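*Asks:* sequence? don't have it. structure:
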Ligand code: SF4
Ligand code: SF4
């Protein structure tokens with residue numbers, strides 16, 4: 001079987017974002033640069049760093065194999081200059097393999113791992129607004145995706161996930177657990193939460209999903225889970241998450257002083273996109289009815305916001321939430337059937353001030369209230385075999401997978417349990433433990449461990 005089919009059969013999806021099926025991503029046009037994203041964009045997470053430091057041989061093997069598959073002329077593993085141990089580990093692998101893959105060492109700023117920011121950092125090219133890296137001859141994949149591809153080439157489907165559990169837990173750690181393991185079990189594996197009541201972020205503190213304790217209890221590890229962050233119940237992130245949309249809009253309308261810091265520091269604006277959150281805030285403040293401003297070009301630019309959170313977590317001196325406004329506008333634009341259309345004649349170039357406006361990741365961590373856990377040394381990895389797993393059928397962009405097993409069936413780890421729907425974009429899903437199928441719904445398949 002060729003590598004592309006191995007990737008498809010194994011159910012590999014992008015591990016660094018929303019789970020775009022990798023076999024679809026690799027089926028596009030000519031590629032000049034393959035960029036492997038090892039920036040570990042979000043503060044606190046250590047998953048990608050663990051993989052680069054301890055599993056670099058597999059990452060580099062896959063980077064070489066995918067370069068060949070795509071016909072890429074150049075391949076770079078992009079990571080931060082400050083990752084000295086990871087750089088040392090990867091350089092040793094590259095030298096040993098006499099590899100053509102090179103490292104791209106970036107400043108330690110946020111969001112260095114944003115796909116379009118990374119393409120600019122590595123190649124100097126601006127991906128056009130609402131475009132994809134392939135528009136400028138690039139493909140970007142995460143280091144964890146490379147690990148999955150290396151396993152796929154050895155005949156192992158995507159069944160287990162590396163993730164970081166950190167914050168207010170007794171023993172912050174990296175875990176390697178079957179897909180479908182509960183968040184509660186992951187938190188227990190990290191020694192448990194330090195207090196009885198806590199707040200959880202799935203992913204990183206800037207872009208991750210905010211969850212109350214109860215919500216977190218029904219969450220499971222998916223193919224895209226990169227981390228679980230446990231925070232005090234009264235942390236700034238927890239407090240911000242309970243502000244209602246209406247209150248947020250009222251404040252946006254009444255308190256914006258039009259200083260434009262949100263635009264000056266916006267990473268997408270800095271690489272040359274027409275996104276200007278301060279203009280969105282201004283237009284919002286003069287209109288009582290959101291639907292009446294959806295045809296406005298500045299408002300439509302909300303669609304190209306990557307939701308990095310710099311504007312509201314770092315830039316705004318008034319504590320306003322331009323990112324949340326953009327999220328709300330994206331929904332309204334979708335509901336109104338308005339698709340983003342870029343100016344075909346425009347030339348998109350980074351603004352000259354960009355270099356001076358990169359924000360150090362540590363300052364972002366301090367502003368968002370997670371500095372106490374920023375510099376934790378996390379280099380352990382715990383393995384775990386749960387008594388049951390609940391595997392979601394939607395862990396990727398596209399249609400949910402179609403179950404191919406029934407209640408009572410016995411399955412072996414790695415066996416296909418849900419396939420890609422006919423004619424749809426999607427990804428295969430495999431049993432992450434051996435055992436018996438307990439339940440099959442349109443949402444999840446539950447497997448009880450054998451023995
Ligand atoms: S979240 Fe804010 S800073 Fe980030 S891309 Fe969107 S508007 Fe720009
Ligand atoms: S930074 Fe805040 S106050 Fe300044 S323009 Fe942006 S939203 Fe308004």
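*Replies:* Received, thanks. From a predicted model like this one, the values you see are computed outputs, not experimental measurements. Ligands and ions are numbered 1, 2, ... in the order given.

*Asks:* Going by C-alpha atoms from here, please, whenever you check contacts or count neighbours.
*Replies:* Will do.

*Asks:* which element follows the helix or strand bottoming out on mean pLDDT in the chain toward the C-terminus?
*Replies:* Lowest on mean pLDDT, DSSP states H and E among the helices and strands of the chain sits helix 245-255, with a mean of 83. Downstream of helix 245-255, the next assigned helix or strand under DSSP states H and E is helix 261-265.

*Asks:* helices and strands around that next one, which ones?
*Replies:* Secondary-structure packing of helix 261-265 (3 or more CA pairs under 8 Å, 6 or more residues apart in numbering; DSSP states H and E): helix 277-285.

*Asks:* buried residues in the least confident helix or strand of the chain?
*Replies:* Neighbour-count burial for helix 245-255 flags 248, 249, 251, 252, 253 (criterion: 16 or more other CA atoms under 10 Å).

*Asks:* and if you look at stretch 370-380?
*Replies:* For stretch 370-380, by 16+ other CA under 10 Å, it's 370, 371, 373, 374, 378.

*Asks:* what does it rub up against?
*Replies:* Stretch 370-380 has contacts (CA atoms under 8 Å, 6 or more residues apart in numbering) with 43, 44, 46, 50, 166, 167, 172, 173, 174, 205, 362, 365.

*Asks:* My guess is the fifth one contacts residue 228. True?
*Replies:* Yes. Counting by CA atoms under 8 Å, residue 166 touches residue 228, with 6.5 Å between them.

*Asks:* before we move on, back to that, can you tell me which of the buried residues of helix 245-255 lies closest to residue 439?
*Replies:* residue 248 (40.8 Å; CA to CA).

*Asks:* Count residues in the vicinity of residue 109, would you?
*Replies:* 20 (other CA atoms under 10 Å).

*Asks:* my guess is it meets residue 363, correct?
*Replies:* No. The pair residue 109 / residue 363 is not scored as a contact, 9.0 Å apart, by CA under 8 Å.

*Asks:* how does this protein divide into domains?
*Replies:* Listed by automatic domain parsing, the domain ranges of the chain are 3-153, 159-235+370-386, 245-355, 388-451.

*Asks:* Where does pLDDT dip in the stretch 151-300 of the chain?
*Replies:* 288 (pLDDT under 70).

*Asks:* Look through it and state the residue closest to ligand 1.
*Replies:* Taking CA to the nearest ligand atom as the measure, the stretch 151-300 of the chain has residue 266 as its residue closest to ligand 1, at 3.7 Å.

*Asks:* What are the neighbouring residues in contact with that residue?
*Replies:* By CA under 8 Å, 6+ apart, the contact list for residue 266 reads 276, 310, 311.

*Asks:* before we move on, what about residue 440?
*Replies:* Contact analysis of residue 440 by CA under 8 Å, 6+ apart lists 403, 405, 406, 407, 446.

*Asks:* What is the nearest of these to ligand 2?
*Replies:* Distances from ligand 2 to the contacts of residue 440, taken by CA to the nearest ligand atom, are shortest for residue 446, at 45.0 Å.

*Asks:* Look up phi and psi at that closest one.
*Replies:* Residue 446 has phi and psi values of phi -110, psi 130 when expressed as degrees, to the nearest 10.

*Asks:* That one contacts residue 386, correct?
*Replies:* No. Using CA under 8 Å, residue 446 is not in contact with residue 386, being 11.9 Å away.

*Asks:* Settle it for me: which of those two has more neighbours?
*Replies:* Taking neighbours as other CA under 10 Å, residue 446 and residue 386 compare with residue 446 leading, 20 against 16.

*Asks:* wait, what's in contact with that one?
*Replies:* 388, 389, 390, 391, 437, 438, 439, 440 are the contacts of residue 446 under CA under 8 Å, 6+ apart.

*Asks:* do that again at 10 Å, thanks
*Replies:* Residues counted as contacts of residue 446 (CA atoms under 10 Å, 6 or more residues apart in numbering) are 180, 388-392, 407, 431, 435-440.

*Asks:* The residue lying closest to it once chain neighbours are set aside - how many residues pack around it?
*Replies:* Spatially, and ignoring its direct neighbours in sequence, residue 446 is nearest to residue 390 (4.4 Å; CA to CA, 6 or more residues apart in numbering). Look at residue 390: counted by other CA under 10 Å, it has 26 neighbours.

*Asks:* What separation do you get for residue 390 and ligand 2?
*Replies:* 41 Å (CA to the nearest ligand atom, to the nearest Å).

*Asks:* Just list what the helix or strand encompassing that residue packs against, helices and strands only.
*Replies:* Assessed by DSSP H and E, residue 390 sits inside strand 388-392. Contacts defined by 3 or more CA pairs under 10 Å, 6 or more residues apart in numbering; DSSP states H and E place strand 388-392 against strand 173-178, strand 416-419, strand 429-430, strand 435-440, strand 444-449.

*Asks:* quick one: the first one to chain centroid distance?
*Replies:* So that's strand 173-178. 17 Å (CA atoms, centre = their mean, to the nearest Å).

*Asks:* So which elements touch it?
*Replies:* Against strand 173-178 (3+ CA pairs under 10 Å, 6+ apart) you get helix 47-54, strand 160-167, helix 183-189, strand 381-383, strand 388-392.

*Asks:* partners of it, with directions?
*Replies:* Sheet pairing here is set by DSSP bridges, and for strand 173-178 it gives strand 160-167 (antiparallel), strand 381-383 (parallel).

*Asks:* what residues does the chain put near ligand 1?
*Replies:* 266-268, 277, 305-311, 322-323 (CA under 6 Å from any ligand atom).

*Asks:* and ligand 2, which of those reach it?
*Replies:* Applying CA under 6 Å from any ligand atom to the residues of the chain next to ligand 1, those adjacent to ligand 2 are residue 322.

*Asks:* Any idea how far apart the tips of stretch 61-81 sit?
*Replies:* Terminal residues of stretch 61-81 are spaced 22 Å apart (CA to CA, to the nearest Å).

*Asks:* where do the helices sit along the stretch 201-350 of the chain?
*Replies:* Applying DSSP state H, counting those that start in this stretch to the stretch 201-350 of the chain gives helices spanning 213-217, 236-241, 245-255, 261-265, 267-270, 277-285, 297-300, 322-335.

*Asks:* Most tightly packed of those helices?
*Replies:* Among the helices of the stretch 201-350 of the chain, helix 267-270 has the highest mean neighbour count (mean count of other CA atoms under 10 Å), at a mean of 24.

*Asks:* what about residue 349, neighbour count?
*Replies:* 17.

*Asks:* same deal with residue 81?
*Replies:* 15.
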